[in-house]
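Give me a model of this one.
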Amino acid sequence: MDFITNIPLFTIVLSLFSGVLCMMLSDRAARRYTFCYEVLLIAGVAAVLFYTVKTGQAFTYVMGEFPAPWGNEIRAGVLEALTALFFLIVMLCSVTAGRRFLLVDVDDSKRNLYYTLINLMTAALLAMVWTNDIFTGYVFLEILTLTSCGILIVREIGRTTLAAVRYMIMNLLGSGLFLLGVVLLYDVTGDLLMVPMQADIARLSGDPRNMLVITMATGVLTVGLAIKSGLFPFHYWMPDTYGWATPASGSILSSLVSKCYIFLLIKIYWRVIGIEVFEKMPVRNILFVLGVCGIVFGSLSAIRASNVNRMVAFSSAAQIGYIYMGIGIGGLPGYTAAIFQIFAHSVTKSLLFLTTPRLAEASGNSLKFKDLEGSAVRDRNAGFFFLLGAFSMIGIPIFAGFSAKLLFGTAAVEVSGDRKILTVILALALSSVLNALYFLRTVIRIYQKSPNGDRTRMLHRADYNVPMGILTVLNLAMGLFSWIFADLIQSGLLMFG
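Sure, this is the predicted structure:
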């Protein structure tokens, strides 16, 4: 027990130390070290998940033994451990499968610094998952923002510089609003630890004047994280950010960074505001409307995209909309569907962002649809993995995307009124049709015979096939055994209470 309770903090500290260490190593040594320590973290977090599932209890690690409001705490339950495990696996697979393009996109003298950024980003992701006080969440939120800009701009072309500046501006705006929300909540409660804050808010929410301030603070905080995660209408920075980054960075930014912001937001709703108090606020219905709008407009933007990377990036906006729609549905089923979608989208989007550059490389390094004809024939592995990711995004049965949509529909029926049920069903049906339009169009194009004849035929090594295979297995596992993941998510949410 004592050993297990140290693992969450150890994962953060080791990641921070590894970031500093990689600055002093060569490219090859930094890469090998990062791989080994990420595997070690995965093993440690898996042990925490096994322990929390077996005991049915969460545990808290108190740092410094300071009383509220100055304390810092790390908390580990089933949901935190499951989220950390997914994030670490996707991170390791993205960096490993994207290594080929790191050799092309990143200068030799800077590749060890790329691994430094990856390790610092890992520390920030884990800290935001494990934290039990809101100020620690803010501190590592800023570290995550800075490292995200770093792994974006490391590909030194004009478009990535412009994208990084736009991304930084939007994220600083979101961080400022988040901090303002934290300050308002601290002003009302006098606490920064999540448990005392929730108790104070539950006590104060009976007074309408206090409830007004709490609602305003929650709204400001929500807008800040909505901007950072790319909720409609704040999603227009996504195509350049994800589309022009080196493939490993695009995969990480889309699959992990945006999802970590949403996970922190859900954690705040449950453990700071209190889910009973939050359900009374108009914020939930606003998120529902914006989520549905994100699903529709993100898909329409993907249809109009001029190249395959922009299409995949705009589809991320639609998938983010699903998550916020689940929050808007509310109740235990709604949040279960939202978090399941976080995991499903993480593994699926990594498949897509790590395959499109391979297809482009087999097509004269062009991402334009007209040049991709026959690319899946020239690069059979990348074509196969793209096909599986596309099927999941469309919602074909046995894939994670289908199970996620089924959970959203079930949640709407169990929790919502007739109007919301109809809206959710129409949104799911329309998005599935739109997803089929632009993904099947792409699949047909990459498999049809090229009029220009065969171009570069791609060969793959284990450092690409193995991580992509792991992501595929995770996707299929979530599709075929979705009830196992849903039960784990629900038990983790109940531990939040």
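
how far away is the residue nearest to H345 when sequence neighbours are not counted from E80?
Leaving aside its sequence neighbours, H345 sits nearest to Q319 (Cβ to Cβ, 6 or more residues apart in numbering; 4.6 Å). For the C-beta atoms, the positions are set from N, CA and C on the backbone; glycine is no exception. Q319 sits at a distance of 22 Å from E80 (criterion: Cβ to Cβ, to the nearest Å).

Repeat that for T355.
T355 is 30 Å from E80, by Cβ to Cβ.

Looking at these two, which is more packed in?
Counted by other Cβ atoms under 10 Å, T355 and E80 do not tie: T355 has more neighbours, with 31 against 27.

Assess the claim that that one and L388 are in contact.
No - at 9.3 Å, T355 and L388 do not qualify as touching, with contact defined as Cβ atoms under 8 Å.

re earlier: that's a strand at the residue nearest to H345, yeah?
No - looking at Q319 with DSSP: H, G, I helix; E, B strand; the rest coil, it is helix, so not inside a strand.

burial measure for it, as a count.
A count of nearby residues for Q319, using other Cβ under 10 Å, gives 28.

surely it meets I342?
No - with contact defined as Cβ under 8 Å, Q319 does not reach I342; the gap is 9.4 Å.

Surely W237 and V165 touch.
No - between W237 and V165 no contact is recorded; they are 10.2 Å apart, counting by Cβ under 8 Å.

Mind checking which of those two has more residues around it?
A count of neighbours by other Cβ under 10 Å puts W237 above the other of W237 and V165, at 18 against 13.

so who does the more buried one touch?
Contact analysis of W237 by Cβ atoms under 8 Å, 6 or more residues apart in numbering lists A163, R166, Y167, M170, G230.

how far away is it from P467?
As for W237, its distance to P467 is 27 Å (criterion: Cβ to Cβ).

now A81
22 Å.

where's the residue nearest to L352 when sequence neighbours are not counted, which helix or strand?
In space, L352 comes closest to G389 once its chain neighbours are excluded; the distance is 4.4 Å by Cβ to Cβ, 6+ apart. Assigned by DSSP states H and E, G389 belongs to helix 380-394.

likewise Y33?
Assigned by DSSP H and E, Y33 falls within helix 27-55.

Equivalent analysis for L221, please.
In this assignment (DSSP H and E), L221 forms part of helix 208-229.

For the helix or strand just after that helix, what is the distance to the chain centroid?
Beyond helix 208-229 in the direction of the C-terminus, DSSP H and E gives the next helix or strand as helix 238-243. Averaging C-alpha positions (Cα atoms, centre = their mean, to the nearest Å) puts helix 238-243 15 Å from its chain's average.

what is the mean pLDDT for helix 238-243?
Helix 238-243 shows a mean pLDDT of 72.

Next: stretch 349-363.
84.

and the helix or strand that contains Y438, what does it pack onto?
Here Y438, judged by DSSP H and E, is contained in helix 418-447. In terms of contacts (3 or more Cβ pairs under 8 Å, 6 or more residues apart in numbering; DSSP states H and E), helix 418-447 is packed against helix 283-304, helix 308-329, helix 375-378, helix 380-394, helix 400-415.

Of these, which is nearest L184?
helix 283-304 (13.8 Å; Cβ to Cβ).

least trustworthy helix or strand in the chain by mean pLDDT?
Here the helix or strand of the chain ranked lowest by mean pLDDT, DSSP states H and E is helix 238-243, holding a mean of 72.

Against which helices or strands is that one packed?
Where contact means 3+ Cβ pairs under 8 Å, 6+ apart, helix 238-243 is packed against helix 158-189, helix 308-329.

ranking the ones you listed by burial, who's on top?
Among those, helix 308-329 has the highest mean neighbour count (mean count of other Cβ atoms under 10 Å), at a mean of 27.

Export it to CSV, keeping only CA atoms.
Taking Å, rounded to 0.1, in the frame of the first residue of the first chain, the C-alpha atoms of helix 308-329 are listed here in CSV:
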residue,chain,number,x,y,z
VAL,A,308,-6.3,15.1,-45.9
ASN,A,309,-4.5,16.6,-42.9
ARG,A,310,-6.9,19.5,-42.7
MET,A,311,-9.8,17.1,-43.1
VAL,A,312,-8.6,15.0,-40.1
ALA,A,313,-7.9,18.2,-38.1
PHE,A,314,-11.5,19.5,-38.7
SER,A,315,-12.9,16.2,-37.8
SER,A,316,-11.2,16.6,-34.4
ALA,A,317,-13.5,19.6,-33.8
ALA,A,318,-16.5,17.4,-34.4
GLN,A,319,-15.2,14.7,-32.0
ILE,A,320,-14.6,17.3,-29.3
GLY,A,321,-18.2,18.3,-29.8
TYR,A,322,-19.3,14.8,-28.9
ILE,A,323,-17.5,15.1,-25.6
TYR,A,324,-19.1,18.4,-24.6
MET,A,325,-22.5,17.0,-25.8
GLY,A,326,-22.0,14.2,-23.3
ILE,A,327,-21.3,16.7,-20.5
GLY,A,328,-24.4,18.6,-21.6
ILE,A,329,-26.5,15.4,-21.4
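
so how many other residues sit close to I268?
24.

and the angle from the helix or strand hosting A360 to helix 418-447?
Secondary structure assigned from DSSP H and E places A360 in helix 331-361. If you take axes from the mean of the first three to the mean of the last three Cα atoms, to 10 degrees, helix 331-361 sits at 20 degrees to helix 418-447.

Report the distance from helix 331-361 to the chain centre.
The chain centroid and the centroid of helix 331-361 are separated by 8 Å, computed with Cα atoms, centre = their mean.

For the residue lying closest to V377 once chain neighbours are set aside, which residues are in contact?
Distances taken as Cβ to Cβ, 6+ apart place Y447 nearest to V377, at 6.7 Å, with adjacent residues excluded. Contacts for Y447 were tallied using Cβ under 8 Å, 6+ apart; they are G374, A376, V377, G383.

With that, I have no additional questions.
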